[in-house]
Each structure stands twice: as structure tokens, then as C-alpha cells.
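**Student:** model this:
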Amino acid sequence: MTGKDDFLQSICTRLDGKNYTYWGYVMKNFLRGKNMWGYVTGTKAKPSMPQTENFDMLLDAWETDNSKDITWINNSVTQSIGMQLAKYDTSKEVWNNLERLYTQSNFAKQYQLEYDIGALQQNDQSIQDFYDAMSDL
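**Tutor:** Numbers count the residues shown, from 1 in each chain. Predicted coordinates for the structure are as follows:
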């Protein structure tokens, strides 16, 4: 696989709003493996000193890598979630927004989870499938 094709590569897990914890784990490891996690955490900060030697080149490289992160994240979320991310310019903003949206602890979410767990039935599922469904909740 060439470097050009590598730009399009992403993870197989798609964030659908219910699987943030697992998606975040997989995406974080994917970005770490690409040496791109620093754009999400902010440790690879956008160059801000125009008088610095090679500033234009450094800024261009940062914007390219930041855009790769955003593209990889967008390629791993549902379209409705991706559309909400269009207003953010940095992968750090994108990540922070997703984290804020899907890790909130609130009573409505807790009620929904308790309801879903109570309503879950094995029916004709195998024990393993039922266990997996329960674990997902």
C-alpha cells in the first residue's frame, strides 16, 4: 500500500452514538499507530510564530496532518454524526466535541440504559450472543 492510499485507510468500527467507548479506544490506537494522536491532544500544536524560519512549510505540514486526522475520524462515524463535525477546524475540537457528547453522564441516559437492560431478552439467541448484547449495554 502506498502512502497516498494510506491517507484513506481508517478503522472498521463506526461510531453510531452508542459505542463511543469502544470506538474511542480503537480510534485512539489507530491515530497513535500513525503517530497522529498529538494533533488530537494538542501536543502537536499549530505553528503560531510567523517570523519563525520555515513557518509556511511548518504550517502547511500541520494543516495537512490535522486534516488527515479529521478525515480518518469522519470516515469512522455515521453520516449524521459527521455532519455535526463540519463546524470544527481541528481534530482536537472534533475529538473534544465527540467526547463531550457521548460521555456525558445524565439521568435520561441512565434511564434509557436501565430500560434497555430490563427489556433485553435472550429469545432464540445463543448464550454468547445474549451475553454480548448485555455487555454492549
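**Student:** domains of this protein?
**Tutor:** 12-104, 106-137 (automatic domain parsing).
**Student:** Output those domains as a markdown table; include the columns mean neighbour count and mean pLDDT.
**Tutor:** The way it works is simple: take the backbone N, C-alpha and C, and place the C-beta from them, glycine included. Output for the domains of the chain, formatted as a markdown table (neighbours: other Cβ atoms under 10 Å; pLDDT from 0 to 100):
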| stretch | mean neighbour count | mean pLDDT |
| --- | --- | --- |
| domain 12-104 | 15 | 93 |
| domain 106-137 | 11 | 79 |
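**Student:** hmm, what's the outermost residue in this protein?
**Tutor:** Q51 (34.3 Å; Cα atoms, centre = their mean).
**Student:** Verify the stated contact: Y88 with N97.
**Tutor:** Yes - between Y88 and N97 there is a contact under Cβ atoms under 8 Å: 6.3 Å.
**Student:** State the distance from the closest residue to E99 other than its chain neighbours to S76.
**Tutor:** Of all residues not flanking E99 in the chain, G24 sits nearest, at 7.3 Å (Cβ to Cβ, 6 or more residues apart in numbering). Distance, G24 to S76, by Cβ to Cβ, to the nearest Å: 10 Å.
**Student:** How about V40?
**Tutor:** Using Cβ to Cβ, we find V40 at a distance of 13 Å from S76.
**Student:** now K28
**Tutor:** Remark: distance between K28 and S76 (Cβ to Cβ) = 12 Å.
**Student:** and if you look at Y20?
**Tutor:** For Y20, the distance to S76 - Cβ to Cβ - is 12 Å.
**Student:** From L31, how far out is V40?
**Tutor:** 6 Å.
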